[in-house]
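# Here's a sequence, model it:
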Amino acid sequence: MDIGIGLPNTVPGTEADTLVDWARRAEEAGFSTLGTIGRLVYPGYEELIALTAAAVVTSRIRLTTSVLLGPLHTNTALLAKQAATLDRISEGRLVLGIGLGARGDDYTTSGLPTKGRGDRLSEQLAEMRRIWSGEERGFAGAIGPSPVRDGGPPLIVGGSSERSLRRAARLGDGWIMTAGTPEMFAGQGPAADAAWREAGRPGKPRKLSLAYYALGPDARAQADAYLLDYYGFMGEVAHQVAQAAAVGPETVRSYATGFAEAGCDELIFVPTASTPDQLDLLAEAIA
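Purely as a prediction, here's the structure:
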């Protein structure tokens, strides 16, 4: 199983130079990918722009939106162009994780309804594939630049509902679980595999997951401070999310083992703080 690390693009107070340095050091530490969290109404950095900055200072590490909220991007052709641009700048390292999100305020602020957003996402996925394949759209031809890979960057679709799993199987290259535990992944992963088979797809989908973490002497307080704020809209459920964070190196290692045994192909540990020690401590824990 590959182990990636989140770019702290949604951690409040993170400076721009911290993001760039984090990306550089994550690659040096040997992590497989840099992941980003997508959210509009929160004091964080937009993920495609943040990953473009990361792409400039790295050369090997994958760049994964985990996940970008597709329906907020109402101009699908422009989104396809932005993704293809980042894919080109990074020399083919973009993995476009995409989903719906759970916060109504992200949609309300955008003047968009939440009803029907699943159908809109499905339409987006299909249209981006067509654009990346070079389909002509006007007098000048196709929308460029063309992605590095034929067919465009890998599309990893998020969501745990039956409809989301079917969407990933029909239109994606894989599936990603939102932040949770190995036990949660063990429960949802087989459903993703089943949807893949039902769609007539060969093999298995590439399966990813996020897991929040905090390390160091103030790990529990750090995890609670960030996660109870970020997931505050969920009420009491926010406490469950915070409790599920991997706090301490032993838990980090048990999560890595548990996710791998449950069939996860790539686990992205998402930081709850952006201080440099968090990256170093995670690298030490999984070494």
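
# Give the full set of residues in contact with E261.
P182 (Cβ atoms under 8 Å, 6 or more residues apart in numbering). Using the backbone N, CA and C atoms, a C-beta is placed for each residue, glycine as well.

# ditto for L34
Going by Cβ under 8 Å, 6+ apart, L34 touches 4-7, 23, 26, 51, 54, 58, 61-64.

# got a markdown table for those, with neighbour count, secondary structure and distance to R103 too?
Formatted as a markdown table, these follow (neighbours: other Cβ atoms under 10 Å; DSSP: H, G, I helix; E, B strand; the rest coil; distance: Cβ to Cβ, whole Å):
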| residue | neighbour count | secondary structure | distance to R103 |
| --- | --- | --- | --- |
| G4 | 24 | strand | 24 |
| I5 | 28 | strand | 24 |
| G6 | 31 | strand | 18 |
| L7 | 32 | coil | 20 |
| A23 | 23 | helix | 26 |
| A26 | 23 | helix | 27 |
| L51 | 30 | helix | 21 |
| A54 | 25 | helix | 24 |
| T58 | 21 | coil | 30 |
| I61 | 23 | coil | 28 |
| R62 | 22 | strand | 26 |
| L63 | 28 | strand | 23 |
| T64 | 30 | strand | 20 |
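
# Turn the residues you listed into JSON lines, columns for pLDDT.
JSON lines is the format used below for those (pLDDT from 0 to 100):
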{"residue": "G4", "pLDDT": "99"}
{"residue": "I5", "pLDDT": "99"}
{"residue": "G6", "pLDDT": "98"}
{"residue": "L7", "pLDDT": "98"}
{"residue": "A23", "pLDDT": "98"}
{"residue": "A26", "pLDDT": "98"}
{"residue": "L51", "pLDDT": "98"}
{"residue": "A54", "pLDDT": "98"}
{"residue": "T58", "pLDDT": "98"}
{"residue": "I61", "pLDDT": "98"}
{"residue": "R62", "pLDDT": "98"}
{"residue": "L63", "pLDDT": "99"}
{"residue": "T64", "pLDDT": "98"}
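
# so which two of these are the farthest from each other?
Greatest spatial distance in those: G6 and T58, 14.8 Å, computed using Cβ to Cβ.

# next one: the helix or strand harbouring E284 to chain centre, how far?
Using DSSP states H and E, E284 falls within helix 276-286. Relative to its parent chain, helix 276-286 has a centroid offset of 20 Å by Cα atoms, centre = their mean, to the nearest Å.

# wait, is A273 part of a helix?
No - counting by DSSP: H, G, I helix; E, B strand; the rest coil, one finds A273 to be coil, located in no helix.

# Contact partners for it?
Taking Cβ under 8 Å, 6+ apart, one finds 8, 11, 214, 222, 226 in contact with A273.

# The first one contacts A16, doesn't it?
Pointing back at P8 there. No - with contact defined as Cβ atoms under 8 Å, P8 does not count as touching A16 (11.5 Å).

# quick one: which of the two has more around it?
Neighbours were counted for P8 and for A16 using other Cβ atoms under 10 Å; P8 has more, 26 against 10.

# Excluding chain neighbours, what is closest to that one?
Spatial nearest neighbour of P8, excluding adjacent residues (Cβ to Cβ, 6 or more residues apart in numbering): S274 at 3.7 Å.
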